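Colleague: Okay, predicted coordinates and the sequence, questions at the end:
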Amino acid sequence: MRGGPAANERLTSATGLVLLVLLAVETLTTLVLGTFLDVHLFLGLLLLPVVALKLGSTGWRFARYYTRNPAYRAAGPPQPLLRTLAPLLVAATLLLFGTGVALLIQGHGGGELRTLHTFSFIAWGVLVGIHVLAYLTRIVRDGTADWRPRAGAGARARRALLLGSLLAGVVVALATYSTQQSFLAHHHHRDDFRRGTSAIAPPLPRALVLRHVTVVRTAP
């Protein structure tokens with residue numbers, strides 16, 4: 001990446017700042033998932049290219065450091081704890097979004113896949129919480145650097161990368177909208193069936209129920 005570690009840090013921080021906002025909204029939808037499942041699905045798909053950009057920028061720094069690039073070696077490694085947790089965070093992120101996409105393709109939200117998605121979300125939440133606490137100051141400081149006046153060389157390209165990932169996310173979410181609607185229809189139908197109010201077997205009219213009870217009571 002042109003600009004060396006400083007440019008990489010700006011891109012990583014800017015992407016992290018956008019993800020911090022979007023993932024906060026995505027996490028809030030899980031608190032009332034029955035009401036905001038449609039938002040959860042749409043936003044989850046929109047996040048995919050942005051998450052890929054974040055993994056790409058951090059992966060680039062990792063690769064350059066361990067291939068002994070002088071500039072990246074001089075910038076130094078992450079803190080020991082964060083360096084240890086990084087592979088776990090990447091694995092949890094891939095598992096979380098991978099199972100989410102798999103559930104959408106499967107067409108229903110049940111079974112072992114849903115269990116794996118739930119537990120990966122819990123693990124991801126703990127790991128990303130540690131990550132955010134450790135890097136929050138840097139994210140706020142460097143995440144807005146390319147959007148300030150006189151941002152310097154390469155700022156336009158980094159802004160284009162970030163905005164491009166967001167646009168790609170919107171395209172992905174819109175392109176899969178019919179699949180999302182099919183998933184939601186199946187989900188709502190299943191919930192209606194469990195409550196005994198599905199369109200296939202609607203509840204008996206009250207008058208019919210009362211008539212049946214009367215016949216039973218008057219039978220010899």
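Modeller: On my side now, so go ahead. Numbering: from 1, shown residues only.

Colleague: Identify the spatial nearest neighbour of the residue nearest the centre of the chain, chain neighbours not counted.
Modeller: For the chain, Gly44 is the residue whose C-alpha lies nearest the centre (CA atoms, centre = their mean; 4.3 Å). Leaving aside its chain neighbours, Gly44 sits nearest to Gly100 (5.4 Å; criterion: CB to CB, 6 or more residues apart in numbering). Yep, even glycine has a C-beta here, placed from its N, CA and C like the rest.

Colleague: Give the next helix or strand downstream of the helix or strand where Leu20 lies.
Modeller: Under the criterion of DSSP states H and E, Leu20 resides in helix 4-29. Where DSSP H and E defines the elements, the next helix or strand beyond helix 4-29 is helix 33-66.

Colleague: what comes up buried for that next one?
Modeller: Buried positions in helix 33-66, judged by neighbour count with 16 or more other CB atoms under 10 Å: 36-37, 40-51, 53-54, 56-58, 61-62, 64-65.

Colleague: Run through the chain and note the low-pLDDT ranges.
Modeller: 1-2, 108-110, 188-220 (pLDDT under 70).

Colleague: one more time with 90
Modeller: Within the chain, the stretches with pLDDT under 90 are 1-4, 33-34, 76-83, 106-113, 141, 148-154, 185-220.

Colleague: sorry, back to before: Thr118 is in contact with the residue nearest to Gly44, correct?
Modeller: No - if you go by CB atoms under 8 Å, Gly100 and Thr118 don't touch, sitting 10.7 Å apart.
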